[in-house]
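Asker: the following block contains a protein sequence and its predicted model.
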Amino acid sequence: YYHDEAWNEYTAPDGRKYYYNSITQENTWDKPQVLIDKEGIGTTSGVQHDAIAEAQAKAQAALAEYLAQSKNNTAQQQYQPPAKKVEEKKDNTRPISSTPVSGTAWCVVWTGDGKVFFYNPSTKTSVWERPPEMYGRADVDLLVSKCPEIKKEQQKSVGDSDEGSDDEEGEDGEPAKKKSRSERKKAALLAQQKKEKEKPVRQMLEKPVDPAVAAELQAQRDREKLPLEERLLQFKTMLGEKGVATGSTFEKELSKIVFDPRYLLLSATERRACFDAYVREKLEHERAEKKRRMKEAKEKFQELLAEAELHGKSSFSSFGSKFGKDPRFKAVEKMRDREDLFNEFVGELHKKEKEERREKKEKKDYLAMLAEQTSFTRKTKWSSAKKLLENDERFKAVESSSSREQMFRDHVEKLGDESLSDIEEEAEREKRLAADAAIAARQREVEAELGDKLRERDLESERHRLQEHQERFNALLVDLVKSAEATWHEARRILRKDERYAECDLLDKEKKENAFNEHVRNLEKKRRDAFFAVLDEHSKITTQTRWKEARRIIQDEEETFSKVASNSERKVERDYRDWQEMRHDNAVREFKDLLKETKIITYKSKRMIEENEQHLKDILAVLENDKRWMRMSENHASERDRILDEYIEVLHRKGTPPPPTQQERERRRKETV
């Protein structure tokens, strides 16, 4: 029986009701049958219900109300028996202190018997357990840990003053008048009504302290003994052991963890934050693990596809019927995913097969194009062949330049040193020469009959014809070959198209190639001379200009240099450096000639300069008016001075020159020798 009476109802931090047995220390979310039976007996009387509502509404002003009513109680106690008066003095369940909590709508209320409860004047609610929004607050801990002594002393002083006044009235005042029977009955009725009125309040105040609040306060003191990191670790371990769901909320999972001792290792704010962090971490871990498993299953499925020897027209149904029992096939759970992976793999196979067929056809066409070229030999270069073939569609079809070159090299390795066109041309030439030789043989027979005079005439005619063919071929080169960078193979292809080429049969292949090389050398010389002339007249380029700066000028002025500069940048650089060297040598040679022509400079000049610098100034005055001096001054001033000093030193060492007649004899002697 006593165990059943020990059940009490409390409110959890999430607002739900739970029930605690103070004797068995048992917690449960379900309402015990004892409490259900008590509720079924009947509702509380109207007077008691009104008293409870009035106490809750006036809890904030309970202390003021108690002090205001204390005088009335004293007056009423005069009409009650002394035993009743003593009983009323011992009633310490009334509120003695009410302190508002900053930041909340709650007040902390202390009663005369040292108990504390919480009152919300906004909602007119009074509770014994601490509201959730007041958990973990140091100021609230301080308010509930110690009863305000000042209030107790005031209450005590008020009680003593009332008792003193009663005693004085009893001692010094007049004796109390004897009340009538009706008055005594009326006073007794009022006292009984007051006692009935205050009974619910006393029952509420005498209600035992919420064990959850007590446990929370004790846990707050215990937290100081453990570091935060260890408490967080134990709390997360508890969440894992209790099987907290990933997609759930703190409120839904509270029933699993609230009765575990580790639940109180953290404050309310820290619990929720740790719970949210744990759920996030667990969710991320589960996602990563699921992603890893899916990736591994796909990789195994890809291995199965690679081993299945599929082709571009394979079907998923045949593949599934053949490999449906393979663990790698079952590793991918959804049939739709399996089919998508299969279609993707087969699609790639189809593309690959199609690409291989296309490449095979392109290679076949490219080799056919190479076979059509009659001018190729074993020595044909790729650069010249590429210029010849680059406009052909079969050449463009092969996208890889390395593949084009490799197939070309494989093709020309099988060819001879002479091209088909050379062989055909030589055969035609020999045929024509054979006909001419037959005619010449007949003529020789005739000449043998006519004598030596006619033979000499034929030889002269033959030399004349050979010279005529040479001149005709040279004219053909001048008309058709304009670039010094042309090759013999490229030029010969162009020359053959001209009908005059067949009129040069007396020139064999070697003579024609030699004539072409000589023609190209002449073109290159003319181009270099024109390039040097442009450099000589250019205002921004001198012999001291570096190649890097000169290259930038040449590239910027493309119209000026396009006709005289080579297409190869390396060759342009070589020509530029040759021009610098040539102009420097010319300037030095002309300056030395200027010194020899200057009569003021003699073998005495060094001694005269050492004695008086005026002689040097006279020499410089004569030289400075000459262009050859100014040219050296612009680009080679230091070298100019060195050459002048060396010249004066040489004249000084030679001394007095011989007389002119002796010089003439020496000159003639050397010529004779």
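Answerer: It's in.
Asker: show me where the stretch 401-550 of the chain has helices.
Answerer: 401-412, 420-450, 452-480, 488-496, 509-537, 547-556 (DSSP state H, counting those that start in this stretch).
Asker: now tabulate the ones you listed in CSV and tack on mean neighbour count, mean pLDDT and distance to residue 101.
Answerer: Quick note: C-beta positions are derived from backbone N, CA and C, even for glycine. CSV is the format used below for the helices of the stretch 401-550 of the chain (neighbours: other Cβ atoms under 10 Å; pLDDT from 0 to 100; distance: least, Cβ to Cβ, whole Å):
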stretch, mean neighbour count, mean pLDDT, distance to residue 101
helix 401-412, 15, 85, 83
helix 420-450, 13, 69, 109
helix 452-480, 13, 80, 109
helix 488-496, 17, 84, 102
helix 509-537, 15, 84, 97
helix 547-556, 14, 79, 83
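Asker: take these and write them to TSV, including distance to residue 301.
Answerer: TSV is the format used below for the helices of the stretch 401-550 of the chain (distance: least, Cβ to Cβ, whole Å):
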stretch	distance to residue 301
helix 401-412	35
helix 420-450	57
helix 452-480	68
helix 488-496	58
helix 509-537	67
helix 547-556	58
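Asker: out of the ones you listed, which comes closest to residue 111?
Answerer: Taking Cβ to Cβ, helix 401-412 is the member of those nearest to residue 111, at 98.1 Å.
Asker: could you say what helices and strands the closest one packs with?
Answerer: Counting contacts by 3 or more Cβ pairs under 8 Å, 6 or more residues apart in numbering; DSSP states H and E, helix 401-412 packs against helix 335-372, helix 382-389.
Asker: same list (those) but as a markdown table, adding distance to residue 459, mean neighbour count and mean pLDDT.
Answerer: Output for these, formatted as a markdown table (distance: least, Cβ to Cβ, whole Å; neighbours: other Cβ atoms under 10 Å; pLDDT from 0 to 100):
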| stretch | distance to residue 459 | mean neighbour count | mean pLDDT |
| --- | --- | --- | --- |
| helix 335-372 | 45 | 14 | 85 |
| helix 382-389 | 41 | 15 | 83 |
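Asker: mind putting those in TSV, distance to residue 539 included?
Answerer: Output for the helices and strands packed on helix 401-412, formatted as TSV (distance: least, Cβ to Cβ, whole Å):
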stretch	distance to residue 539
helix 335-372	51
helix 382-389	37
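Asker: which one of these lies nearest to residue 536?
Answerer: Nearest of those (Cβ to Cβ): helix 382-389, 33.0 Å.
Asker: list the contacts of the closest one.
Answerer: Applying Cβ atoms under 8 Å, 6 or more residues apart in numbering, the contact partners of helix 382-389 are 369, 373, 375-376, 395, 404-405, 408-409, 487, 489-490, 493.
Asker: now do the buried residues in whichever helix or strand comes after it.
Answerer: Heading C-terminal from helix 382-389, the first helix or strand you meet, by DSSP states H and E, is helix 393-397. Under the neighbour-count criterion of 16 or more other Cβ atoms under 10 Å, helix 393-397 has 394-395, 397 buried.
Asker: domains in the protein, by residue range?
Answerer: For the chain, automatic domain parsing gives the domain ranges 43-164+183-219, 226-298, 420-536, 564-672.
Asker: looking at those, which is closest to residue 547?
Answerer: domain 564-672 (5.8 Å).
Asker: what mean pLDDT does that closest one have?
Answerer: The pLDDT scores in domain 564-672 average 80.
Asker: so how far is it off the chain centroid?
Answerer: 67 Å (Cα atoms, centre = their mean, to the nearest Å).
Asker: distance of residue 526 relative to residue 561?
Answerer: To residue 561, residue 526 is 15 Å away according to Cβ to Cβ, to the nearest Å.
Asker: I meant to write residue 645 there.
Answerer: Taken as Cβ to Cβ, the span from residue 645 to residue 561 is 39 Å.
Asker: neighbour count winner among those two?
Answerer: The neighbour count for residue 645 versus residue 561, taken as other Cβ atoms under 10 Å, is higher for residue 561 (19 against 12).
Asker: would you mind listing the buried residues in stretch 229-241?
Answerer: In stretch 229-241, counting by 16+ other Cβ under 10 Å, buried: 231-232, 234-236, 238-239.
Asker: cool, stretch 498-508 as well?
Answerer: Those would be 501, 504-507, for stretch 498-508 by 16+ other Cβ under 10 Å.
Asker: ranges for the strands of this protein?
Answerer: 7-11, 17-21, 26-28, 95-100, 107-111, 116-120, 125-127 (DSSP state E).
Asker: ok, the last one: who's next to it in the sheet?
Answerer: Sheet partners assigned to strand 125-127 using DSSP bridges are listed as strand 116-120 (antiparallel).
Asker: CA atoms of the strand it pairs with as CSV?
Answerer: The C-alpha coordinates for strand 116-120 follow below in CSV (Å, rounded to 0.1, in the frame of the first residue of the first chain):
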residue,chain,number,x,y,z
VAL,A,116,11.2,25.9,-3.1
PHE,A,117,8.9,25.8,-6.2
PHE,A,118,8.7,27.8,-9.5
TYR,A,119,5.9,30.1,-10.4
ASN,A,120,5.0,31.6,-13.9
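Asker: contacting residues for residue 470?
Answerer: 504, 507, 511, 515.
Asker: tell me the centre residue of this structure?
Answerer: In the chain, the centroid-proximal residue (Cα atoms, centre = their mean) is residue 288; its distance is 22.3 Å.
Asker: can you pull the contacts of that one?
Answerer: Per Cβ under 8 Å, 6+ apart, neighbours of residue 288: none.
Asker: how near is it to residue 561?
Answerer: 65 Å.
Asker: can you check which helix is longest in this structure?
Answerer: In the chain, assigned by DSSP state H, the helix with the most residues is helix 268-307.
Asker: just the closest of the buried residues of stretch 498-508 to residue 606, please.
Answerer: When those are compared against residue 606 (criterion: Cβ to Cβ), the nearest one is residue 507, at 64.6 Å.
Asker: that closest one touches residue 474, doesn't it?
Answerer: No. At 10.1 Å, residue 507 and residue 474 do not qualify as touching, with contact defined as Cβ atoms under 8 Å.
Asker: and for the two, which residues touch both?
Answerer: residue 515.
Asker: and residue 430, how far from residue 463?
Answerer: Taking Cβ to Cβ, one finds residue 430 at 22 Å from residue 463.
Asker: among the buried residues of stretch 229-241, which two are most distant?
Answerer: 231 and 239 (12.8 Å).
Asker: excluding chain neighbours, give the residue nearest to residue 532 in space.
Answerer: residue 579 (5.0 Å; Cβ to Cβ, 6 or more residues apart in numbering).
Asker: contacting residues around that neighbour?
Answerer: 531-532, 535, 543.
Asker: quick check: phi and psi on the residue nearest to residue 527 when sequence neighbours are not counted?
Answerer: Once flanking residues are discounted, residue 527 sits nearest to residue 484: 5.5 Å by Cβ to Cβ, 6+ apart. Phi and psi for residue 484, reported as degrees, to the nearest 10, are phi -80, psi -10.
Asker: could I get the contacting residues of residue 484?
Answerer: Here residue 484 is in contact with 520, 523-524, 527, 566 (Cβ under 8 Å, 6+ apart).
Asker: most widely separated two among those residues?
Answerer: Maximum pairwise distance in the contacts of residue 484, criterion Cβ to Cβ, is 12.6 Å, between 520 and 566.
Asker: where along the stretch 551-673 of the chain do the helices fall?
Answerer: Under DSSP H, counting those that start in this stretch, the stretch 551-673 of the chain gives helices at 558-561, 569-597, 605-611, 614-623, 627-635, 637-654, 660-672.
Asker: of the ones you listed, which is nearest residue 251?
Answerer: Distance to residue 251, taken as Cβ to Cβ, is lowest for helix 569-597 among the helices of the stretch 551-673 of the chain, at 78.7 Å.
Asker: going by neighbour count, list what's buried in that closest one.
Answerer: For helix 569-597, by 16+ other Cβ under 10 Å, it's 572-573, 575-576, 579-580, 583-584, 587-588, 591, 594-595.
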